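Asker: how would this look folded up:
(one chain, ligands or ions: 1)
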Amino acid sequence: MVKEILEEKEPLVYACLRNDLKEDRLAHSYLLCGEKTPLKLKTAYLLAQSIIENKKDFACEECHTCKRILNNNHLDVLFIDGKDEIIKKEMIDEVLSEFSKTAVESSGKKVYIINNINNSSPKVLNMILKFMEEPSNENTFGIFISDDASGLLETVVSRCEKLNFTSCDFKEIKNEYLESGVDEFDAYLLSETIHEYIDDLELYTTAKDFIIKTIDSLDDPQYLEVMYIKELYTLKEFKEVSDYFILMIIKILDDAISNHYIGNEEYDELLDKVKNDALALLEIYLDAKQRKDNCLMIDRKLMFDEICCKIIKYKNR
Ligand SMILES: [Zn+2]
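Answerer: You can find the predicted model right below:
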């Protein structure tokens, strides 16, 4: 059960929440931040279940109500995710107007969970702030999740009870992949970069193919540009694939620099191939990632064009 995992992995967060529940001193907003771990989202649901169950303790996690909450099938618990798209004003509008009505189900409390809240504009954050401050919303609780709290408005952070996650154990996720039949290479790279278990590996596989092609054509970077224009930019899921690409190549380059071989022939060969260029490439890709993270609307084609230019320049130095 999640509460047991939480107690073991994040004893501080566990103690803090248990205390709030026992003393009936729940904060109106919680910010779950820190290490990229799927435990943050699981904890958010556990907290929502506990608020709705209202027993001055962690929820049972087993009853019908708890299961409905976990399946986003409970009228008083709403879930918004900024993982794949920027959280828009309209999305929040809908939640907040829904929430100004009284609770539909028997607990009388309402909870909204916003995952990846860092992926929203200051305007949206301000809207949430205003909502949080209205006295009429005293039975409404917000749970915000962000891998990186540093990009959030200070005014938002300061109004939340901050729960900092420090454990970063991807072994479980890797095992989940291995058990589902994924090979060592993919299980390793997926768990280390995406940090969660996903069923559909199509985007990942496409991104991985482009990484292998990229590394194979480093000695002929002009070809790289042509290949990106013809094959990468034309993908329907170019945005998603390019995001996976950046995350994954950074991990591979990092491993190549630190000689982090994993004992998988295919992966270790890839590290050997890229080893001599790894430092220069890492700088190029980290720079791209940083600019991407700082600008939600970044033109990804332009970003890849620039990466190509830098690689060509580096290779012709
Ligand atoms: Zn329950």
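Asker: which SS class is whichever residue of the stretch 101-250 of the chain sits closest to the ion?
Answerer: Closest residue of the stretch 101-250 of the chain to the ion, CB to the ion: residue 107 (11.0 Å). For the C-beta atoms, the positions are set from N, CA and C on the backbone; glycine is no exception. In three-state terms, and counting by DSSP: H, G, I helix; E, B strand; the rest coil, residue 107 is coil.
Asker: Residue 32 too?
Answerer: When classified by three-state DSSP, residue 32 comes out as strand.
Asker: Ok, residue 164 next?
Answerer: Residue 164 ends up strand, using three-state DSSP.
Asker: Kindly report the same for residue 19.
Answerer: Under three-state DSSP, residue 19 falls in the helix class.
Asker: any low-confidence regions in the stretch 51-200 of the chain?
Answerer: By pLDDT under 70, the weakly predicted segments of the stretch 51-200 of the chain are 100-104, 106, 168-169.
Asker: What ranges does it have for its strands?
Answerer: For the stretch 51-200 of the chain, the strands defined by DSSP state E, counting those that start in this stretch cover 77-81, 110-115, 140-145, 161-165.
Asker: Can you add distance to the ion and mean neighbour count and give these back as CSV?
Answerer: Formatted as CSV, these follow (distance: least, CB to the ion, whole Å; neighbours: other CB atoms under 10 Å):
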stretch, distance to the ion, mean neighbour count
strand 77-81, 12, 19
strand 110-115, 14, 25
strand 140-145, 17, 24
strand 161-165, 21, 18
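Asker: Make a markdown table out of those and add distance to residue 43.
Answerer: A markdown table is the format used below for these (distance: least, CB to CB, whole Å):
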| stretch | distance to residue 43 |
| --- | --- |
| strand 77-81 | 14 |
| strand 110-115 | 10 |
| strand 140-145 | 9 |
| strand 161-165 | 7 |
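Asker: of those, which approaches residue 200 most closely?
Answerer: Nearest to residue 200 among the strands of the stretch 51-200 of the chain is strand 77-81; the distance by CB to CB comes to 15.9 Å.
Asker: now the angle between strand 140-145 and that closest one, please.
Answerer: Angle, strand 77-81 to strand 140-145, by axes from the mean of the first three to the mean of the last three CA atoms, to 10 degrees: 30 degrees.
Asker: neighbours around the closest residue to residue 223 other than its chain neighbours, how many?
Answerer: Nearest non-adjacent residue to residue 223, counting by CB to CB, 6 or more residues apart in numbering: residue 217, 4.9 Å away. For residue 217, the count of nearby residues is 16 (other CB atoms under 10 Å).
Asker: And residue 75, by the same measure?
Answerer: Residue 75, neighbours per other CB under 10 Å, totals 11.
Asker: Distance-wise, check it relative to residue 143.
Answerer: Residue 75 sits 17 Å away from residue 143, going by CB to CB, to the nearest Å.
Asker: likewise residue 93?
Answerer: Here the criterion is CB to CB. By it, residue 93 lies 19 Å from residue 143.
Asker: sorry, back to before: out of the strands of the stretch 51-200 of the chain, which is closest to residue 63?
Answerer: Taking CB to CB as the measure, these were each checked against residue 63, and strand 77-81 came out nearest at 14.2 Å.
Asker: If I take the closest one and strand 110-115, what angle do their directions form?
Answerer: Using the same axes, to 10 degrees, the direction of strand 77-81 lies 10 degrees away from that of strand 110-115.
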